[in-house]
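Trainee: Fold the following and give me the result.
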Amino acid sequence: MQHLSDQQSIKAYSFAEKLYQKREYVKSLEILTHLTSLYPKTYAYWFSLSSCLQALEDYESAVKGWAITHVLHESDPYPLYYAAVCYFSLNQKHEAYFSLTECEKLTDSSHQLSDSIDSMKKLIEAYDTTS
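Mentor: Next up, the predicted model:
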């Protein structure tokens, strides 16, 4: 694979983001897959790639992407939250709950994710009592 200049990679990423905004997820994913293979430690590329996979409902691949994204920026709660959403979609409620619990450790009650985390945990808890 050919290495891109900084300017080329920025343009490619910007184009992938525009495709994503237009809901052209497959095309965006192709570019982001290339970028993550060239620059495997770039958080933004992995975040966007994981978002594409999730939008395409490839939840198993998205969970793997969110795990890599989390490792690249461990203080960001969003990869854990989005992984939880994917786990929930895969009917893996215990994994979803665990991801939310870890996500909660990175937030406080005023964080914009706080209400979403609480709501999803309550949904999982209700699901567990009905199963």
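Trainee: Okay, helices next: where are they in this structure?
Mentor: 6-21, 25-38, 43-55, 59-72, 78-89, 93-105, 114-130 (DSSP state H).
Trainee: which one of those helices has the lowest average pLDDT?
Mentor: Across the helices of the chain, helix 114-130 has the smallest mean pLDDT, namely a mean of 87.
Trainee: Please state the backbone phi and psi of the residue nearest to Glu60 when sequence neighbours are not counted?
Mentor: Spatial nearest neighbour of Glu60, excluding adjacent residues (Cβ to Cβ, 6 or more residues apart in numbering): Leu90 at 6.7 Å. Any C-beta I mention is one placed from the backbone N, CA and C, and that applies to glycine too. Note on Leu90: backbone dihedrals following degrees, to the nearest 10 are phi -90, psi 0.
Trainee: Leu90 contacts Tyr59, correct?
Mentor: Yes - counting by Cβ atoms under 8 Å, Leu90 does reach Tyr59; the two are 4.9 Å apart.
Trainee: between those two, which one's more packed in?
Mentor: Between Leu90 and Tyr59, counted using other Cβ atoms under 10 Å, Tyr59 has the larger neighbour count: 20 against 14.
Trainee: and Glu104, what does it touch?
Mentor: Pro77, Ile117 (Cβ atoms under 8 Å, 6 or more residues apart in numbering).
Trainee: where's it relative to His73, distance?
Mentor: 17 Å (Cβ to Cβ, to the nearest Å).
Trainee: Thank you kindly, that will do.
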